[in-house]
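In: Just need the structure, nothing else, for what follows:
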Amino acid sequence: MRQYLKRLFLFVTGGLLYNVLELFYRGWTHWTMFFLGGLCFVTLGVINEVISWAMSLWQQVLIGACIITGLEFITGCIVNLWLGWSVWDYSQMPGNILGQVCLQFFILWLLVALAGIVLDDYLRYWLFGEERPHYKFL
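Out: Got it, this is the predicted structure:
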């Protein structure tokens, strides 16, 4: 039960933070982005559960940005292409794939992944008594 509540707390935290980022960035958000943000945040937290702390932070960030991009693509295919809700459209941006992901946002997701990984690690340490974060940079 404790693991379930921890994951739920992290999911809600990620969902809320993602909605706040969207509100600052583009002035509006969509309810589906709460679920995408929560899923991304929880998934970023799994990186240190599955992969050793010995992995450098830049490698974790790269994996995290790939995870976010993959989840964004899947979500976009569902909410934009299949359901037609038009939550976002990157089709005018260079390097896009089906208008759902693009290189420019992958670069942004690198920064978001860095912040998400560090925040998740410290929340787990402060609130749930998990291992104190320590990072290898190279």
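In: can you map out the helices along this structure?
Out: Per DSSP state H, the chain carries helices over the ranges 2-26, 31-50, 57-76, 103-128.
In: buried stuff in the last one?
Out: Applying a neighbour-count criterion of 16 or more other Cβ atoms under 10 Å, the buried positions in helix 103-128 are 105, 109-110, 112-114, 116-121, 123-124. For glycine as for every other residue, the C-beta is placed from the backbone atoms N, C-alpha and C.
In: Run through the neighbouring helices and strands of it.
Out: Helix 103-128 sits against helix 2-26, helix 31-50, helix 57-76, with contacts defined as 3 or more Cβ pairs under 8 Å, 6 or more residues apart in numbering; DSSP states H and E.
In: residues near residue 75, how many?
Out: As a burial measure, residue 75 scores 20 neighbours (other Cβ atoms under 10 Å).
In: Offset the numbering so it begins at 29, please.
Out: I'll keep to 29 as the first residue from here, and by that count the last item is residue 103.
In: wait, isn't it in contact with residue 58?
Out: No. Residue 103 is beyond contact range of residue 58, at 10.3 Å (criterion: Cβ atoms under 8 Å).
In: that older thread, and the buried residues of helix 131-156 as TSV, adding pLDDT?
Out: Shown next, in TSV, are the buried residues of helix 131-156 (pLDDT from 0 to 100):
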residue	pLDDT
133	95
137	97
138	98
140	97
141	98
142	97
144	97
145	97
146	96
147	97
148	97
149	95
151	97
152	95
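In: Between those, which sits nearest residue 32?
Out: Nearest to residue 32 among those: residue 152, at 14.8 Å, using Cβ to Cβ.
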